[in-house]
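Chemist: Pasting the sequence and the predicted coordinates here, then a few questions.
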Amino acid sequence: MDMAVVELSRLQFALTALYHFLFVPLTLGLSFILVIMESVYVMTDRPIWRDVTRFWGKLFGINFVLGVATGLTMEFEFGTNWAYYSHYVGDIFGAPLAIEGLMAFFLEATFVGLMFFGWDRLSKRGHLLTTFMVALGSNLSALWILIANGWMQHPTGAVFNPETMRMEVSNFKDVIFNPVAQAKFVHTVSAGYVCASVFVLGVSCYYLLRGRHLELAKRSFTVAASFGLLSSLSVVVLGDESGYALTDNQQMKLAAIEAMWETEQAPAGLDLFGIPSNSAHETAFEIRIPYILGLVATRSITGEVTGIIPLVERAENRMRSGIIAYDAVERLKVDRNDLAAREAWERNKDDLGFALLLKRFVADPRKADAATIEKAAWTTVPNVPALFWMFRIMAGLGFFFIAFFATAFTFSVRRQFDRKWFLRAAVLAIPLPWIAIEVGWLVAELGRQPWAVDGVLPTFLGASSLTRGQIWTTITGFTVLYGIMAVIEVRLMLATIRKGPEIYEGNDDGDPAPERAPATTFTAIPAE
């Protein structure tokens with residue numbers, strides 16, 4: 001396999017995934033914010049809440065369309081760019097994606113039209129139900145996609161069949177209730193809720209600064225501050241749970257994130273700062289907090305967090321075991337009734353994937369010498385400096401959002417919507433959740449390398465037999481197409497925000513009002 005083709009295929013998928021994930025978090029979060037706002041409308045019967053909901057619903061719709069369009073591209077890429085991956089693990093990986101399409105996507109597609117066009121055709125409670133079903137469908141989509149991705153991180157509930165030379169489902173319940181997948185789901189959707197809350201709060205603060213649409217802005221500010229505070233707290237708590245899941249299931253990723261080269265005496269310390277080096281196998285200029293990593297990762301003072309170098313040595317041993325499994329598979333191809341080969345396979349089958357890592361250096365893993373095994377073992381170490389710093393950027397932003405929303409919630413409770421320094425900060429903070437989310441995705445995916453499916457299938461074996469020119473052509477095409485779509489989406493969003501909400505037909509108490517002054521005549525917030 002041409003490694004340039006592999007790297008270009010990874011680049012293409014990364015670009016499309018990162019672009020798609022610009023829309024997913026906002027869709028997840030806005031869907032439930034709409035449910036909250038419309039629930040207030042149904043309970044209070046105040047027309048202002050109807051138009052608050054409809055305004056944010058327009059922005060949700062623009063974002064939703066782009067999310068669907070970019071997501072479809074990614075599913076086709078599994079067949080075009082990762083054909084052997086699809087063949088090798090398609091029986092397991094394809095099932096959650098199929099369920100996502102049948103259960104979640106069609107649920108969204110069925111109710112999203114009713115949500116946008118049913119305001120005057122459905123009862124209040126009936127329309128609220130459609131909004132809730134759209135939110136439920138959006139989050140169920142995330143669930144099944146993250147079950148598929150979680151299986152790649154921790155492949156449970158499946159076995160390799162030497163007769164078909166493919167992975168097959170052995171226990172679908174284990175696939176669904178994979179602990180890594182469940183932790184990823186709750187962490188990811190909570191991050192989406194934070195993203196939408198920052199967006200709603202930022203746009204509301206923009207209106208408050210301009211002195212426009214004040215009734216909408218204050219109510220949206222309050223909803224976003226409350227929902228965002230709860231979501232930001234859950235992101236940190238559930239992120240901690242994700243870290244705990246790594247201790248048992250992805251030890252190399254955890255060690256790389258913490259730049260822990262050697263196993264420390266329990267409980268291990270946590271580095272706030274350091275300069276890791278992949279080549280020197282050490283971290284310089286460390287600023288460490290004692291005991292914290294051990295307590296977070298193992299929930300105890302005696303649990304051990306294994307270092308990178310011991311994990312590399314473990315990988316070498318697993319490669320030697322995997323070579324025996326590989327040899328057994330080759331013998332079973334010739335004679336399925338070879339009992340000795342069958343017995344060798346059963347004893348060593350869990351390590352077959354490590355033998356496949358050797359194919360990057362030798363055509364037949366059975367011919368690998370000690371130096372080749374050691375070299376291949378070190379390929380199990382991801383990019384430590386990149387993971388170390390990206391994780392700290394993500395975690396730092398996570399704690400920032402807690403303080404940010406706590407401040408917003410305090411101002412909301414006190415009805416202090418005139419703090420210009422905070423209003424300006426909230427507008428400037430709008431891009432931050434996207435930065436945190438994209439960086440988090442990179443941590444999750446780069447931390448899994450060199451595996452497409454952790455411990456089962458190396459990434460370089462999963463790619464299709466394409467040429468560099470073919471991949472460059474598609475990368476260029478996607479870049480141009482997505483660039484145009486991005487411009488259109490941003491222009492539509494900005495135009496909708498500039499226009500603001502429709503003027504509601506009644507006052508704040510729901511009484512009829514024949515006329516209301518245009519939004520542009522609202523009084524600006526007085527200077528501090």
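Modeler: Sure thing, it's come through.

Chemist: Pretty sure Phe160 sits in a strand.
Modeler: Yes. Assigned with DSSP: H, G, I helix; E, B strand; the rest coil, Phe160 falls within a strand.

Chemist: Tally up the residues packed near it, please.
Modeler: Phe160 has 22 neighbouring residues, counting by other C-beta atoms under 10 Å. Any C-beta I mention is one placed from the backbone N, CA and C, and that applies to glycine too.

Chemist: Name the nearest residue to it, ignoring sequence neighbours.
Modeler: Among residues not flanking Phe160 along the chain, Met167 sits closest, at 5.5 Å (C-beta to C-beta, 6 or more residues apart in numbering).

Chemist: Could you look up the SS state of the one you found?
Modeler: Three-state call for Met167 (three-state DSSP): strand.

Chemist: quick one, strands of the protein?
Modeler: Secondary structure of the chain by DSSP state E: the strands cover 158-161, 166-169, 270-277, 282-289, 451-453, 457-458.

Chemist: do you know which of those strands lies nearest Val68?
Modeler: For Val68, the closest of the strands of the chain is strand 451-453, at 25.5 Å, according to C-beta to C-beta.

Chemist: before we move on, back to that, residues touching the residue nearest to Phe160, list them.
Modeler: By C-beta atoms under 8 Å, 6 or more residues apart in numbering, Met167 lies in contact with 88-89, 91-92, 155, 158-161, 453, 456-457.

Chemist: Need the buried ones from those selected in PyMOL.
Modeler: Entered in PyMOL, the line below selects the buried ones among the contacts of Met167, by 16 or more other C-beta atoms under 10 Å:
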select buried, resi 88+89+91+92+155+158+160+453+456+457
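
Chemist: what residues does the lowest-mean-pLDDT helix or strand in the chain touch?
Modeler: Across the helices and strands of the chain, mean pLDDT, DSSP states H and E gives its lowest value to helix 292-298, namely a mean of 81. With contact meaning C-beta under 8 Å, 6+ apart, helix 292-298 is reached by 240, 243-244, 246-247, 254, 258, 260, 264, 266-270, 300-301, 303-305.

Chemist: and with 10 Å instead?
Modeler: 240, 243-248, 251, 254-255, 257-258, 260, 264-272, 300-305 (C-beta atoms under 10 Å, 6 or more residues apart in numbering).

Chemist: Can you give me the buried ones in that helix?
Modeler: For helix 292-298, the neighbour count (16+ other C-beta under 10 Å) marks 293-298 as buried.

Chemist: Now these in JSON lines, please, with extra columns for distance to Ser226.
Modeler: JSON lines is the format used below for the buried residues of helix 292-298 (distance: C-beta to C-beta, whole Å):
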{"residue": "Leu293", "distance to Ser226": "33"}
{"residue": "Gly294", "distance to Ser226": "35"}
{"residue": "Leu295", "distance to Ser226": "31"}
{"residue": "Val296", "distance to Ser226": "28"}
{"residue": "Ala297", "distance to Ser226": "32"}
{"residue": "Thr298", "distance to Ser226": "34"}
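
Chemist: Closest one of the residues you listed to Lys218?
Modeler: The closest of these to Lys218 turns out to be Val296 (C-beta to C-beta; 38.9 Å).

Chemist: So that closest one versus Val237, what's the distance?
Modeler: 11 Å (C-beta to C-beta, to the nearest Å).

Chemist: How about Asn161?
Modeler: 40 Å.

Chemist: okay, now Thr496: neighbour count?
Modeler: Residues near Thr496, counting by other C-beta under 10 Å: 17.

Chemist: Wait, Asp91 touches Phe160, no?
Modeler: No. Between Asp91 and Phe160 there is no contact under C-beta atoms under 10 Å: 11.1 Å.

Chemist: overlap in contacts of the two?
Modeler: Contact criterion C-beta under 10 Å, 6+ apart; residues bridging Asp91 and Phe160 by contacting each: 166-168.

Chemist: how about those residues in a markdown table, adding distance to Met37?
Modeler: Converted to a markdown table, the shared contacts of Asp91 and Phe160 look like this (distance: C-beta to C-beta, whole Å):
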| residue | distance to Met37 |
| --- | --- |
| Arg166 | 48 |
| Met167 | 45 |
| Glu168 | 46 |
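
Chemist: now these in CSV, with pLDDT?
Modeler: Shown next, in CSV, are those (pLDDT from 0 to 100):
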residue, pLDDT
Arg166, 92
Met167, 93
Glu168, 93
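
Chemist: which among the residues you listed gets closest to Ala284?
Modeler: Closest to Ala284 out of the shared contacts of Asp91 and Phe160 is Met167 (41.3 Å), distances taken as C-beta to C-beta.

Chemist: rewinding a little: what is the nearest of the shared contacts of Asp91 and Phe160 to Asp350?
Modeler: Checking those against Asp350 by C-beta to C-beta gives Met167 as the nearest, at 12.6 Å.

Chemist: Report the separation between that closest one and His87.
Modeler: For Met167, the distance to His87 equals 10 Å [C-beta to C-beta].
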